[in-house]
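Participant: generate a structure from the sequence data that follows.
(one chain, ligands or ions: 1)
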Amino acid sequence: MSKKICILNGSPRQNGNTKALINNFIKGTEEAGNEVICFDLQKMDIHGCLGCCSGGKDISSPCVQKDDMEKIYPAYMKADIIVLASPMYYWGISGQLKCAFDRLFAVAELDPGYANPVKDCILLMAAEGDTEDNFAPVKAFYKGLIHNLGWNDLGIVYAGGNMDAGSILNKPEQLKAAEELGRSIS
Ligand SMILES: Cc1cc2nc3c(=O)[nH]c(=O)nc-3n(C[C@H](O)[C@H](O)[C@H](O)COP(=O)(O)O)c2cc1C
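Facilitator: Have a look, this model is predicted:
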């Protein structure tokens, strides 16, 4: 059955390595019949969470802050699968992605017990370092995040060895891994 996939792209580089992973993932998953929406967070007006815990009162506009998260909330609520796509920044996800993800708390606030909607999840990440050690901190964050949310991991593509924008284009095996992960969704 066709799945609804919501990609949160945390890379500010529009022709960067993360975007190349995303493009290949989309190619594979659309060929498999899935429906994709991708948000380029850098191009959007998204403010940091205020921690006011006053959201969740209106399903059509769950956060008290009225900015471009309004475009993401309906897609997030409808999606079967959330793709977290990010460059590695200081052994974590980028600020753009963290900022948007924190704001998803307003959706959990729609539930009196702060229950998060249950999703499948994927991580696409580009980085300069290409060792397991380099990836370990962000992998622990991702695994911990989805474990605590009660989400299910569908896969990770960690594309190390990429510093310059577009250097991943010389690594067809990394692009193929993203495409194949996309195609595996059915
Ligand atoms: C602010 C900043 C922090 C970074 N931190 C790391 C890091 O901790 N580990 C690493 O391997 N690469 C790090 N990098 C390199 C990026 O992850 C790498 O250039 C990646 O390919 C960028 O993806 P993009 O082309 O999608 O922007 C950092 C780059 C920047 C600009």
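
Participant: how about the residues of this structure by the ligand?
Facilitator: By Cβ under 6 Å from any ligand atom, the residues of the chain that approach the ligand are 11, 13, 16-18, 87-91, 126-129, 134, 162-163, 165. Every C-beta, even on glycine, is put in place using the N, C-alpha and C of the backbone.

Participant: which non-adjacent residue is nearest residue 89?
Facilitator: With Cβ to Cβ, 6 or more residues apart in numbering as the measure, residue 95 is the residue that lies nearest to residue 89, at 7.0 Å, once sequence neighbours are left out.

Participant: what about the one you found, how many neighbours?
Facilitator: 15 (other Cβ atoms under 10 Å).

Participant: how about it, phi and psi?
Facilitator: Residue 95 adopts backbone torsions of phi -60, psi -40, taken as degrees, to the nearest 10.

Participant: now residue 26
Facilitator: Per degrees, to the nearest 10, the backbone of residue 26 is at phi -60, psi -40.

Participant: go on, residue 149?
Facilitator: Dihedral angles (degrees, to the nearest 10) for residue 149: phi -80, psi -10.

Participant: helices - which of the residues of the chain next to the ligand land there?
Facilitator: Members of those lying in helices (criterion: DSSP state H): 17, 18, 134.

Participant: so which of the residues you listed is the closest to residue 151?
Facilitator: residue 18 (20.5 Å; Cβ to Cβ).

Participant: now the closest one. Nearest residue, chain neighbours left out?
Facilitator: residue 11 (3.6 Å).

Participant: wait, what's in contact with the one you found?
Facilitator: 17, 18, 19, 42, 85, 86, 87, 94, 96, 126 (Cβ atoms under 8 Å, 6 or more residues apart in numbering).

Participant: the residue of the chain positioned farthest from its centre: what's it in contact with?
Facilitator: Seen from the C-alpha centroid of the chain, the residue lying at the greatest distance (Cα atoms, centre = their mean) is residue 112, 25.5 Å away. Taking Cβ under 8 Å, 6+ apart, we find residue 112 in contact with no residue.

Participant: quick one: it from residue 119, how far?
Facilitator: Separation of residue 112 from residue 119 (Cβ to Cβ, to the nearest Å): 20 Å.

Participant: also residue 31?
Facilitator: Going from residue 31 to residue 119 by Cβ to Cβ gives 22 Å.

Participant: those two: which is more packed in?
Facilitator: Ranked by neighbour count (other Cβ under 10 Å), residue 31 and residue 119 place residue 119 first, with 18 against 11.

Participant: I'd say the more buried one and residue 80 touch.
Facilitator: Yes. Using Cβ atoms under 8 Å, residue 119 makes contact with residue 80 at a distance of 6.9 Å.

Participant: helix/strand/coil for the residue nearest to the spatial centre of the chain?
Facilitator: In the chain, the residue lying closest to the centroid (Cα atoms, centre = their mean) is residue 84, at 1.6 Å. Following DSSP: H, G, I helix; E, B strand; the rest coil, the label given to residue 84 is strand.
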